[in-house]
Every structure is written in structure tokens, then in C-alpha cells.
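Enquirer: give me coordinates for this.
(2 chains)
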Amino acid sequence: MNYNSRRHQYPVNVRLLYALLVPTLLISMGSFAYAAWTSQVTTFATLNAADPDIEILNCWVQQYNGQGYSLFFTTETVTFSDLALFPGWTITIITQIHNTAGSYAVEINATLYYSYDGITWTQTNETELLTLFRIIYTDGFYWNPGTDGTWCTPDDEPFLPGDELWPCESVYKIETLYFDAQDHPELQDTQFHIMVKITATYPQT
Amino acid sequence: MKPINLKLLTAILIPMMLIPMASFAYAHWTASIYKIVKMHVRCVNVGIITYKCLSPWDDKLIKRWPSDDELNAMGATTSIRINTSIFPGWYVWFGFIIQNQGIYPTYIEAPTYSFTDPEGIQAWFNHQEYFYGQIIDGDSCGWPREDVPQDVYAKVWVPSKKHLSQPPPPGAVLPPPPGNIPPPVYLEQYGPHTKNSMVLWAYLQLREDYVGPYPFTIEIALTITATAVLSP
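Expert: Predicted coordinates for the structure are as follows:
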């Protein structure tokens, strides 16, 4: 009696059971059919932010007519000093700039600064350097010394605006400074600093 | 002595004799044949049989797997991996020849993208896809592959920014080549003279105005699904 009464108390709702079972079966069958009758190909692209990373590999004086200088460099900085400039003083410095293997294709730009104390720097250009300090500053980037193998000759292969420096490649910056101060005695006993900042940037697209 | 009931005895003995005789006769005068049905359910089977990664910043900077040689040895692959460093404005064109290598005709659907993107930068990517399929007839493609026209794959070329002064190769076509069709693309079953191959070109770019964050790493999965076209 108790059993029967329990059955009456909790009857199985057959319609509800079908309503649950049929979609369950159909969904399972549908999933199987979908899995069995489709195929996929996938491309995985792992993309990392590029890190423009250039360094100084070498630096040397190609031409000089002064009485003595000091030059040393690290991978990030070249420091040059000459404490005895005179009218007609000139120097040509060549710096090898290398794009590291973990970097990407970059464009190279140079920006000039000057300072009186070596602490406070002001951005400048060739015209202003001549006006302020009678320094004729010329520079250029080059791929190589050309077929003659000698730097500062007409066949040096220029690194043109828009050229890109690729990882593991080097470019050479040739800078010539000429002290054109014959008629400017007011510059005697003047000390100044010039900084050239070389920047690697992502190429223009 | 109780008399034997002959009728009962006969009724018992006759079936006892007939049944072994029938069994004997069945054993000796019958033969059987068997029909065995073997069933094998085939799968939809599409694969990438060759691919390209074209970028103006030299696709050699893109590390890719499998290489062309590996893919030739494998015959086809369902998975490609590339790895590279990118910057704002960077883009690449992926070109795929996708082949139906199964016995069912299939529809190739538009790809779906999924991102593993811890820095939340996926919105900075542009992508477009271009499909080339129904123009392929398998015979008149004009190059040794004979599966897709070379104008929509082999001749597609992106000039290298490093060698802008170099002339393009003869007949070069910039991506996307003309003649693309909307998906899904119908591919016939595999066979020597069926339209079983198609080309997909996918363009992926990090927008030029991307401002950060830096550094970042993002994994983008481009998935192309093929669905069997089954008889009703």
C-alpha cells in the first residue's frame, strides 16, 4: 500500500521525460554528425611587439688635423673630446651602427643638440651650429665604402632616406666637423658640446 | 504381464527415428553462403597543401612551420604556425591552397578568428579574406600544379621595402588578385579532374595608429571549417 501510494505521490511525467530525452538524443546525434562531417585547418600566428634595437659596433677617426683627442665608445654612446680647437680644425668620425638580431627593420634618423655645460641640451641643426660655434657639420649614412674599399671617397654607397636597416645589418655614419672660425676671435676660450642622437624607428607604412 | 501398447510405442519410436534422420540429412544435404558487409564511415578531409606569408618587410623575418620542404614531405597539413615581431602598420598576406582530400564534396566556410590576448589589443587588428575557387578546372591552370590558376596564387607578390627599386617579376599580381568570390566555396571530392582546390588570401594588419601597450604578445588562430555536402 505504501509503495503504491508513493507511486501515486511521485508519478513519472512521461511527456516531460520525452521532452527532455528527445532533445538530448538529438543534440548528441547532431554533435556527432557535426564532428564527423566537418574538417578544419588552422593557422596560429604568434605576434610579439617588435623592439627596435640598434647598437654601436665600432667607431674610429678617419681624418684629423688637430693636436690630440680622446675617443671612446660603448654600445650606446660615443664620447669624443678635443680641447684645442683652432681655425681650420677638422675631424671625420665614422661610426658603425648595427641593428641587432632581435630587432626589426628600422629607419635611422639623426638629431643634433648642443650644450654649453654638458647637462642642458638644446636641439639644433647644421645652420645653427655654424652660427653659434662656426662648426660646419656634415654627415651622412652609408652602407659600405664602395668598390674601392676606402671610406670618404665618391663611390661610398649612401643609405638613402627611406632605406631600412634590417636585423643583423650595419650602417655607417660619417660625420665631418670643420671649425670655420678664422674671423671669429670671440669664440676663443669657449667650451661647447655637440650631441648627435641616432634614433631607430619603425618604417613608415 | 502387462501387454505392450503398440500404438504408443510406435508413436514414440517413429519421431525418435525421424528426428536423427532429418538432422543427418540436414547436415549432409545443405550448404550455406555468407554475405559479409563491411562498412567504413569516411571523414571530411581538407588540408593546406602549400602556403605563403608575404610581407613588405621580408617574409624571411617570419618564422614559419612547416617549411615548404616539410610540407611537401607531409603532403598536406591542417595546422600552420608563424611567429614574428610586429609594429604599428605591420601587415602580412597569408595565401593558402586548400584541397579537399576526401570523398565528400565540401563547403569551405569563411574563417573564424580567436585570440589569446592578455594585453587586450585584438581590436587593433584589421583582417580581410578573399576566396578563389569556382574558376578552377584542374586542367588549364597553366603551371605544373594544375590545381589552381597561377594568377591567383603563384604570381601574387608583395614588393619588398628593401628592394623597391627592383622590377616586379613578370606577370606579378598584387594581393588580393581579382576574381574573388564570396564564401562558402564549394569543393568537389578529391580526384584528378575535379574542382577540389581553392585559394584563400587573408590579410592581417596591426593598425598604424596603435598606441600601446608595449610590449605585447598575441596569438591569433585563423580557423577554416569545411563542411561535408551530403546527399539528402
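
Enquirer: neighbours around the nearest residue to A:S70 once chain neighbours are set aside, how many?
Expert: Excluding the flanking residues, the one nearest A:S70 by C-beta to C-beta, 6 or more residues apart in numbering or on different chains is A:S81, at 5.2 Å. Yep, even glycine has a C-beta here, placed from its N, CA and C like the rest. Other residues within reach of A:S81, judged by other C-beta atoms under 10 Å in any protein chain shown, total 10.

Enquirer: okay, A:S81: pLDDT?
Expert: Predicted confidence (pLDDT) for A:S81: 84.

Enquirer: do the same with the one 3 residues further on
Expert: A:A84 is assigned a pLDDT of 83 by the prediction.

Enquirer: from chain B, how far out is the residue nearest to it when sequence neighbours are not counted?
Expert: Of all residues beyond its chain neighbours, the one nearest A:A84 is A:Q67 (4.9 Å), with distances taken as C-beta to C-beta, 6+ apart. Relative to chain B, A:Q67 is positioned 44 Å away (C-beta to the nearest C-beta, to the nearest Å).

Enquirer: can you classify A:Q67 as helix, strand or coil?
Expert: Of the three states, A:Q67 takes coil under DSSP: H, G, I helix; E, B strand; the rest coil.

Enquirer: and what of B:F24?
Expert: Applying three-state DSSP: B:F24 is helix.

Enquirer: can you list the buried residues in stretch B:43-50?
Expert: In terms of neighbour count (16 or more other C-beta atoms under 10 Å in any protein chain shown), stretch B:43-50 has its buried residues at B:44-50.

Enquirer: ok, the residue nearest the centre of chain A - contacts?
Expert: Nearest residue to the geometric centre of chain A (C-alpha atoms, centre = their mean): A:P52, 2.8 Å. Neighbouring residues of A:P52 by C-beta atoms under 8 Å, 6 or more residues apart in numbering or on different chains: A:99, A:103-104, A:106, A:200-202, B:87.

Enquirer: just for the chain, where's the confidence low?
Expert: In the absence of a named chain, this looks at chain A. Applying pLDDT under 70 to chain A picks out residues A:1-36, A:102, A:203-205.

Enquirer: let me rephrase: I mean chain B.
Expert: Those would be B:1-2, B:29-31, B:40-42, B:58-60, B:134-146, B:162-165, B:231-232, if you go by pLDDT under 70 across chain B.

Enquirer: nearest to chain A within it, name that residue for me.
Expert: Residue nearest to chain A within chain B (C-beta to the nearest C-beta): B:G89, separated by 3.2 Å.

Enquirer: in a helix, that residue, correct?
Expert: No: counting by three-state DSSP, B:G89 is not part of a helix but coil.

Enquirer: wait, isn't it in contact with B:Q205?
Expert: Yes: judged on C-beta atoms under 8 Å, B:G89 makes contact with B:Q205 at a distance of 7.4 Å.

Enquirer: which non-adjacent residue is nearest residue 77?
Expert: Looking at chain A here, since you left the chain open. That would be A:I56: by C-beta to C-beta, 6+ apart, it lies 7.4 Å from A:T77.

Enquirer: oops, chain B please
Expert: Excluding its sequence neighbours, the residue lying closest to B:T77 (C-beta to C-beta, 6+ apart) is B:I48, at 5.4 Å.

Enquirer: the one you found bridge partners, please.
Expert: B:T77, B:I98 (DSSP bridges).

Enquirer: now do the contacts for it.
Expert: A:41, B:71, B:76-78, B:80, B:96-99.

Enquirer: one more time with 6 Å, if that's ok
Expert: A:41, B:77, B:96, B:98 (C-beta atoms under 6 Å, 6 or more residues apart in numbering or on different chains).

Enquirer: buried among these? Make that a ChimeraX selection.
Expert: For the buried members of these, the matching ChimeraX selection, counting by 16+ other C-beta under 10 Å, is:
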select /A:41 /B:77,96,98
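
Enquirer: dump the contacts of B:I48 to CSV, plus distance to B:I33.
Expert: Below are the contacts of B:I48 laid out as CSV (distance: C-beta to C-beta, whole Å):
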residue, distance to B:I33
A:V41, 46
B:T77, 46
B:F96, 51
B:I98, 46
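
Enquirer: looking at the contacts of B:I48, which is nearest B:K7?
Expert: Closest approach between the contacts of B:I48 and B:K7, by C-beta to C-beta: A:V41, at 84.6 Å.

Enquirer: quick one: the closest one is in a helix?
Expert: No: assessed with three-state DSSP, A:V41 is strand; it does not lie in a helix.

Enquirer: in a strand, B:N72, correct?
Expert: No: when classified by three-state DSSP, B:N72 is found to be helix rather than part of a strand.

Enquirer: so which residues make contact with the lengthiest strand in chain B?
Expert: If you go by DSSP state E, chain B has its longest strand at strand B:217-228. Strand B:217-228 is contacted by residues A:37-48, B:44, B:46, B:104, B:106-109, B:111-117, B:121 when judged by C-beta under 6 Å, 6+ apart.

Enquirer: among those residues, which are in strands?
Expert: The members of these that map onto strands under DSSP E are A:38-48, B:46, B:106-108, B:112-116.
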